[in-house]
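*Asks:* Next input, structure requested:
(one chain, ligands or ions: 2)
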Amino acid sequence: MSGRGSAGPAIVAAEAIGKRYRTGAVEVAALIDVSFTVAPGEFVAVMGPSGSGKSTLMNVLGCLDRPTSGRLLIGGADVATLDADALAELRRRTVGFVFQSFNLMPRLSARDNVAMPTVYAGLPVRERKRRAEALLAAVGLADRGHHRPTELSGGQKQRVAIARALVNDPKLILADEPTGALDSRTGLEILALLQKLNREDGRTVVLVTHDPGIARHAGRTLRFHDGRLVADERTDVALDARTELAALPPPAEAAA
Ligand SMILES: Nc1ncnc2c1ncn2[C@@H]1O[C@H](COP(=O)(O)OP(=O)(O)OP(=O)(O)O)[C@@H](O)[C@H]1O
Ligand SMILES: [Mg+2]
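*Replies:* Ligands and ions are numbered 1, 2, ... in the order given. I've put the predicted structure just below:
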């Protein structure tokens with residue numbers, strides 16, 4: 001499966017990118033001279049100790065933040081040449097974000113959370129609802145559309161967040177520790193969902209994790225240390241989350 005990354009031009013091309021933050025008198029180099037490309041259809045894990053620059057990288061790849069040096073192309077577009085509107089448009093059309101903390105709006109139902117990003121895409125209300133409901137069904141939550149986030153389990157919240165990330169049909173899914181707050185079974189279920197989006201829909205996935213067991217589901221691992229990319233490893237034997245789930249005892253037994 002890891003051979004799938006070869007078709008077409010890179011969806012991500014980072015050329016010696018750097019990111020510096022200034023807080024008062026102190027300057028932090030969060031990313032230093034980072035170069036790599038990601039081909040369409042790859043599933044990439046990003047690993048590294050706390051503070052090594054993983055979230056900074058995700059924010060930069062997702063065009064939430066700009067690199068302070070180097071060149072970054074997303075879907076062939078050099079982000080430095082885009083104004084704020086064009087950048088927002090690229091982000092909306094190309095990228096789906098999944099955060100560790102879900103980032104759901106507490107007062108909105110699951111369905112309205114999923115439909116949120118389509119407000120900016122200018123879709124009619126009826127189409128927005130239809131799309132949100134179809135996506136909730138696709139992540140196994142057809143019967144939870146009216147629930148608020150506080151009425152959902154952690155795994156269900158993360159599935160709502162993934163459905164929301166998909167609502168504008170992104171080619172690139174950026175997931176920052178999407179399983180970090182979940183137990184191992186629920187984490188595997190989320191991984192199985194991300195692998196499905198990768199293998200069946202051909203979406204590119206870049207996933208941050210601290211857990212080597214999670215990273216073994218990726219075809220490739222990028223390792224960061226102190227803001228530098230220190231290793232880029234590929235495997236031909238990525239684990240399959242669905243197969244592992246099938247081998248687990250049933251949930252009732254596991255919970256007892
Ligand atoms: N907005 C900011 N302003 C100043 N410094 C920042 C900012 N965001 C991150 N940093 C610094 O940049 C470095 C990289 O942070 P980053 O959040 O990318 O790490 P991380 O690898 O995601 O860590 P973790 O595993 O703990 O989430 C850290 O030293 C951090 O303190
Ligand atoms: Mg982080």
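
*Asks:* Contact residues of this structure facing ligand 1?
*Replies:* Tyr21, Thr23, Val28, Ala30, Gly48, Ser50, Gly51, Ser52, Gly53, Lys54, Ser55, Thr56 (Cβ under 6 Å from any ligand atom). C-betas here are computed from N, CA, C, even on glycine.

*Asks:* Select only the buried ones of the residues you listed in ChimeraX?
*Replies:* Applying 16 or more other Cβ atoms under 10 Å to the residues of the chain next to ligand 1 leaves a buried subset, and the ChimeraX line that selects it is:
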select :30,48,52,53,54,55,56
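
*Asks:* Now flag whichever of the residues of the chain next to ligand 1 is closest to Ala231.
*Replies:* Within the residues of the chain next to ligand 1, the smallest distance to Ala231 is 9.5 Å, found for Gly48 (Cβ to Cβ).

*Asks:* which SSE is the spatially closest residue to the closest one that is not a sequence neighbour in?
*Replies:* Distances taken as Cβ to Cβ, 6 or more residues apart in numbering place Phe224 nearest to Gly48, at 3.4 Å, with adjacent residues excluded. Applying DSSP states H and E as the criterion places Phe224 in strand 220-225.

*Asks:* if we can go back for a sec, just give me the least confident of the residues of the chain next to ligand 1.
*Replies:* When the residues of the chain next to ligand 1 are compared by pLDDT, Thr23 scores lowest at 87.

*Asks:* Now do the contacts for that one.
*Replies:* Neighbour list for Thr23: empty [criterion: Cβ atoms under 8 Å, 6 or more residues apart in numbering].

*Asks:* Filter the residues of the chain next to ligand 1 down to just the ones in strands.
*Replies:* Tyr21, Thr23, Val28, Ala30 (DSSP state E).

*Asks:* Do a quick rundown of the helices in the stretch 101-250 of the chain.
*Replies:* In the stretch 101-250 of the chain, the helices defined using DSSP state H, counting those that start in this stretch lie at 110-115, 125-138, 154-166, 184-199, 212-215, 241-247.

*Asks:* Can you show me the CA trace of the fourth one as PDB?
*Replies:* Written as PDB, here are the backbone C-alpha positions of helix 184-199 (Å, rounded to 0.1, in the frame of the first residue of the first chain):
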ATOM      1  CA  SER A 184      -6.600   2.100  22.400                       C
ATOM      2  CA  ARG A 185      -9.700   0.500  20.900                       C
ATOM      3  CA  THR A 186     -11.300   3.800  20.000                       C
ATOM      4  CA  GLY A 187      -7.900   5.000  18.700                       C
ATOM      5  CA  LEU A 188      -7.800   2.000  16.400                       C
ATOM      6  CA  GLU A 189     -11.300   2.800  15.200                       C
ATOM      7  CA  ILE A 190     -10.300   6.300  14.300                       C
ATOM      8  CA  LEU A 191      -7.100   5.000  12.600                       C
ATOM      9  CA  ALA A 192      -9.300   2.500  10.600                       C
ATOM     10  CA  LEU A 193     -11.400   5.400   9.500                       C
ATOM     11  CA  LEU A 194      -8.300   7.500   8.400                       C
ATOM     12  CA  GLN A 195      -6.900   4.500   6.600                       C
ATOM     13  CA  LYS A 196     -10.200   4.000   4.700                       C
ATOM     14  CA  LEU A 197     -10.100   7.700   3.700                       C
ATOM     15  CA  ASN A 198      -6.600   7.100   2.500                       C
ATOM     16  CA  ARG A 199      -6.900   3.800   0.700                       C
END
